[in-house]
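# show me how the following folds:
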Amino acid sequence: MIKNIFFSLVLFLLVVKISAQEKEVNPPFYIKTISFVQNGQNATPIFMLGDSFQLQFDDLHASEENYYFRITHCDYDWKQSQLSINEYLTGFNDQRIQDYTNSFNTLQIYSHYRIAFPNKFTQLKVSGNYIISILNEDKEVVFSRKFIVYEDLVSVPMQIKRARNLNDANYKHNLDFAVKSTSITFQNPLNNIKVLLMQNSRFDNAITNIKPMYTIGNDLIYKYDKETQFWAGNEFLFFENKNIRAANNSIAHVDTNGGLYSCYLYTNASRVQKSYTYWPDIDGNFFVNNISAENNEIESDYAWIYFSLAADNTYLNKNIYITGMFNNYVLSDENKMEYNSEKGVYEKAMMIKQGFTNYCHTVASNDGKVDNENSIEGNFWQTENNYHAIIYYRENNQRYDRVIGKGIASSTDIIN
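Numbers count the residues shown, from 1 in each chain. Below you'll find the predicted structure:
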């Protein structure tokens, strides 16, 4: 009897583990500048099966800690798939990261870590959703990141349009797209095909569970009025401190009173009531850059960046965060702005690696729900955003969700 209860408990725990949704674990304060890198630049975490890419990050403790990585294959809904490790991975999991270098000629010391894929120990065998977890010596998860591996088996023509509803036409982008393939005859596409829509490489506001509106032969057509709409937002703000000692058109002044360089940005203002202004950005991305360095990865320094925002009392009962790809759009105390009643502005200081950084102000309620409709930055249909449509397919009796292709479009080509 006791043996049966024990096995039942083990089976129950195993089922719970498999069915639980995998979520990204935010890093501690000493882990900075986490990025996927491809061809020497920060990349959207969407890679073709077999392509080379890296995960990089800095440890401000600079003690050459032993870190390990673990890769988990997930289904469309980010629950652990039914595949065993040997079915999606050639090589071994829980491998120690062997490629790391200490910073050189910087006030803030750090150790810079790199993991390249594929490598001699680890190669990915199938497409799909993945979570990479970084573990410490005690095999505790320090942080984790999502990424997607796809096969190029379908074409996904996309077109960005203004919203058809007149109330939203000035504030939203609508995605029209199709899924076409000459190599796959789709089985039960209304149930077996799934789509992930992303704006500016973000997972946090992605649109999911959109079924084809109709099919024409083997072509799947998605032509909705509301279901595939994003709030357009505004162009990202930026600061540039590749010359860390110099003020420029985004930095008011620089000092070193705190040991590290401190860069005080000009005070931003709410843009919701202003007219749209063309402001070229890199869609929330960031580039690490030291104008005097030969190796930006280890010679770029960290600086305290002082943000300030002038906003009215409308937002006093809500939370305002500084977000961008540099911090994975996380809503945490580390990037939450505080209201200075004497100055009448919101303020925040964050330690960020030097270079060129896009950022925005994100408004959220106490339960973490982002209020895109009432964004401090405003919403304008003219805003330039990049969009991805990721296509998943699971054939009848198949045990995992393949990613069979992607579509890309920019709202610079928007039509009415």
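# which residues touch the residue most central in space within the chain?
Geometric centre of the chain, nearest residue: Arg202, 4.3 Å, by Cα atoms, centre = their mean. Contacts for Arg202 were tallied using Cβ atoms under 8 Å, 6 or more residues apart in numbering; they are Gly284, Tyr329. Heads up, the C-betas are built off the backbone N, CA and C, glycines and all.
# now Tyr329. Nearest residue, chain neighbours left out?
Distances taken as Cβ to Cβ, 6 or more residues apart in numbering put Thr323 closest to Tyr329, at 4.5 Å, once the chain neighbours are dropped.
# surely that neighbour and Thr357 touch.
No: with contacts defined as Cβ atoms under 8 Å, Thr323 does not count as touching Thr357, sitting 11.3 Å away.
# for Val195, see how far away the closest residue in space to Tyr76 that isn't next to it in sequence is.
With Cβ to Cβ, 6+ apart as the measure, Asp401 is the residue that lies nearest to Tyr76, at 4.4 Å, once sequence neighbours are left out. According to Cβ to Cβ, to the nearest Å, Asp401 stands 11 Å off from Val195.
# which neighbours do the two share?
Residues touching both Asp401 and Val195 (Cβ under 8 Å, 6+ apart) are Tyr392.
# wait, Phe104 sits on Asp301?
No: Phe104 is not in contact with Asp301 according to Cβ under 8 Å; the separation is 10.3 Å.
# looking at the two, which is more packed in?
Set Phe104 next to Asp301 and count neighbours by other Cβ atoms under 10 Å: Asp301 wins out with 19 against 13.
# for the helix or strand containing Lys406, give the mean pLDDT please.
The secondary structure element spanning Lys406 is strand 402-410 (assigned by DSSP states H and E). Averaged over strand 402-410, pLDDT sits at 97.
# coming back round to it: for the residue nearest to Tyr329, give its distance to Asn205.
Applying Cβ to Cβ, one obtains 11 Å for the distance of Thr323 from Asn205.
# those two: which is more packed in?
When Thr323 and Asn205 are compared for neighbours, Thr323 comes out ahead with 24 against 15, by other Cβ under 10 Å.
# any idea what that one is bridged to?
Taking DSSP bridges as the rule, Thr323 bridges to Cys360.
# and what of Phe53?
Counting by DSSP bridges, the residues bridging with Phe53 are Phe117.
# mind giving me the domain ranges of this structure?
Per the record's domain assignment (automatic domain parsing), the chain is made up of the domains 2-148, 158-232+408-413, 237-364.
# end to end, how far does the shortest one reach?
The reference is to domain 158-232+408-413. Using Cα to Cα, to the nearest Å, the span of domain 158-232+408-413 from its first residue to its last is 10 Å.
# run the chain-centre distance for that domain.
When distances are taken as Cα atoms, centre = their mean, to the nearest Å, domain 158-232+408-413 is centred 19 Å away from the chain's centroid.
# do the longest one as well
Taking Cα atoms, centre = their mean, one finds the center of domain 2-148 at 15 Å from the center of the full chain.
# the last one too?
The offset between the C-alpha centroid of domain 237-364 and the centroid of the whole chain comes to 18 Å, using Cα atoms, centre = their mean.
# what is the mean pLDDT for it?
For domain 237-364, the mean pLDDT works out to 93.
# please apply the same query to the first one.
Mean per-residue pLDDT for domain 2-148: 90.
# pull the number of nearby residues for Gly284.
Other residues near Gly284 come to 23 when the count uses other Cβ under 10 Å.
# oh sorry, the question was meant for Leu190
Using other Cβ under 10 Å as the criterion, Leu190 is surrounded by 11 other residues.
# in what helix or strand does it lie?
Using DSSP H and E, Leu190 falls in helix 189-192.
# can you list contacts of whatever helix or strand comes next after that helix?
Helices and strands here follow DSSP H and E; after helix 189-192, the next one along the chain is strand 193-199. If you take Cβ under 8 Å, 6+ apart as the criterion, strand 193-199 is touched by 76, 148, 173, 175, 179, 186, 205-212, 220, 222, 228, 230, 385-394, 401.
# and these, which of them are buried?
Among the contacts of strand 193-199, those classed as buried by 16 or more other Cβ atoms under 10 Å are 76, 148, 173, 175, 179, 186, 207, 210, 212, 220, 222, 228, 230, 385-394, 401.
# Asn340 is in contact with Lys348, isn't it?
No: no contact is recorded between Asn340 and Lys348 when judged using Cβ under 8 Å, the distance being 10.3 Å.
# these two: which has the busier surroundings?
In this comparison of Asn340 against Lys348, neighbours counted by other Cβ under 10 Å, the higher total goes to Lys348 at 18 against 11.
# can you pull out the helices in the stretch 1-150 of the chain?
For the stretch 1-150 of the chain, applying DSSP state H, counting those that start in this stretch gives helices covering 2-19, 85-88.
# fine by me, we can end here.
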